[in-house]
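> everything below, folded, please.
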Amino acid sequence: MLPSVSVIVPAYNAQQTIGACVTAILHNDYAGRMELWVVDDASTDNTAELARQAGATVLSGGKLHRTGARNLGARHATGEILLFTDSDCVPHPDWVTQMVAKFVADPQVMGVKGVYTCQQSHPIARFTQIECEERYDHMAKLPEINMIDTYAAGFRRDIFLQVGGFDEGLAILEDQDLSFRLAAQGLRMVFAPAAKVQHTHLTHAWRYARRKFHFAEWKPTILRRYPNRLWSDSRAPQYMKLQMLLAWAWLAPLGVGLCYAPALWGVLLVGVAFVLSSVPFLARTVRRDPAILPIVLPMLWVRAASLMAGMVKGMAASDGAMRHH
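The predicted structure follows:
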């Protein structure tokens, strides 16, 4: 007998996307019992009404932020399996089935991670999708993982509630915190590459950089709690950490070189090191989407520089200062 499932979608001012999200979930092909909860996070638009019209059960508990909204949905849920996705995602028809299949196949599995797909033509969105696929290819080789993103996440409800759900003090990276907490207890999490949700990625370089900065700004808070994850995060490729250093190391000899020409050799050396570290990503782009090759190195630099800047700001802040008030 298939386990019962509760799908939980936090939503804030999502009137443009919530209808497609809810419709896709309710038209899934899962053969077991399923319920859908949309948790309205004090939206000021028609999110709640549109979600109801599309067929979802809507909860509202005031302004809870994404973490609190997900936890509220989990407390109301009755399913044995909790599935989470975002209001700007459109799950594929078999997403629920593919997520649940991992739990059914192995009773020791406590968490499951699915994937993004993208149909956009914009080069930056396509670059972002290759970023995602790089992580997916790495995870697909692992017998278990230690990171589950909330856009396509699944947990056994009893375990989720037992560990306290998402940390409501975190504005972002709450999924990393929960994943690392589960991993620290030796609980098994696996990757489900066939469990897909369609997403619309950012298409402006500035907004992309700002988003990376914001993620990295919270990363030191997570690493203070789980310092061993600096080098053992199943999500982030190791070369990216090197590129974060190189992106800023490149600026130092560049600045000196304006006054002292020999320092420009340092600019060249750091630049060559950055390009060499990018070879795996460039090769992946050649195989998957060669038309965006001209933007790859600039976007990799933007990514690395934004992440490093965010990390520096986050390291300067105390854990308490970074939490919701």
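> residue contacts, the residue nearest to Leu307 when sequence neighbours are not counted?
Using Cβ to Cβ, 6 or more residues apart in numbering and skipping residues adjacent in sequence, the residue nearest Leu307 is Ala216, 4.3 Å away. For every residue, glycine as well, the C-beta is placed using N, CA and C. Contact analysis of Ala216 by Cβ atoms under 8 Å, 6 or more residues apart in numbering lists 306-311, 314.
> columns pLDDT, secondary structure and distance to Phe180 on top of those, output as JSON lines?
JSON lines is the format used below for the contacts of Ala216 (pLDDT from 0 to 100; DSSP: H, G, I helix; E, B strand; the rest coil; distance: Cβ to Cβ, whole Å):
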{"residue": "Ser306", "pLDDT": "95", "secondary structure": "helix", "distance to Phe180": "23"}
{"residue": "Leu307", "pLDDT": "94", "secondary structure": "helix", "distance to Phe180": "18"}
{"residue": "Met308", "pLDDT": "92", "secondary structure": "helix", "distance to Phe180": "22"}
{"residue": "Ala309", "pLDDT": "92", "secondary structure": "helix", "distance to Phe180": "23"}
{"residue": "Gly310", "pLDDT": "94", "secondary structure": "helix", "distance to Phe180": "19"}
{"residue": "Met311", "pLDDT": "92", "secondary structure": "helix", "distance to Phe180": "17"}
{"residue": "Gly314", "pLDDT": "92", "secondary structure": "helix", "distance to Phe180": "16"}
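> can you pick out the most distant pair from those?
Ser306 and Gly314 (12.3 Å; Cβ to Cβ).
> quick one: buried residues of stretch 103-123?
By neighbour count, with 16 or more other Cβ atoms under 10 Å as the criterion, the buried positions of stretch 103-123 are 103, 109-116, 118, 120, 123.
> show me the strands in the stretch 51-200 of the chain, by range?
For the stretch 51-200 of the chain, the strands defined by DSSP state E, counting those that start in this stretch cover 57-60, 81-84, 89-91, 109-117, 153-156, 188-199.
> would you list the ones you listed in TSV and tack on mean pLDDT?
Below are the strands of the stretch 51-200 of the chain laid out as TSV (pLDDT from 0 to 100):
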stretch	mean pLDDT
strand 57-60	94
strand 81-84	98
strand 89-91	98
strand 109-117	98
strand 153-156	98
strand 188-199	98
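> go through the ones you listed and name the closest to Asp41.
Going by Cβ to Cβ, the one of the strands of the stretch 51-200 of the chain nearest Asp41 is strand 57-60, 8.1 Å.
> could you pull out the helices in the stretch 1-150 of the chain for me?
With helices called from DSSP state H, counting those that start in this stretch, the stretch 1-150 of the chain shows them at 18-26, 47-54, 65-76, 95-105, 123-139.
> surely Leu187 touches Met110?
Yes - between Leu187 and Met110 a contact is recorded at 4.3 Å, counting by Cβ atoms under 8 Å.
> any common contacting residues for those two?
Common neighbours of Leu187 and Met110 (Cβ under 8 Å, 6+ apart) are Ile159.
> fine, thanks again, bye for now.
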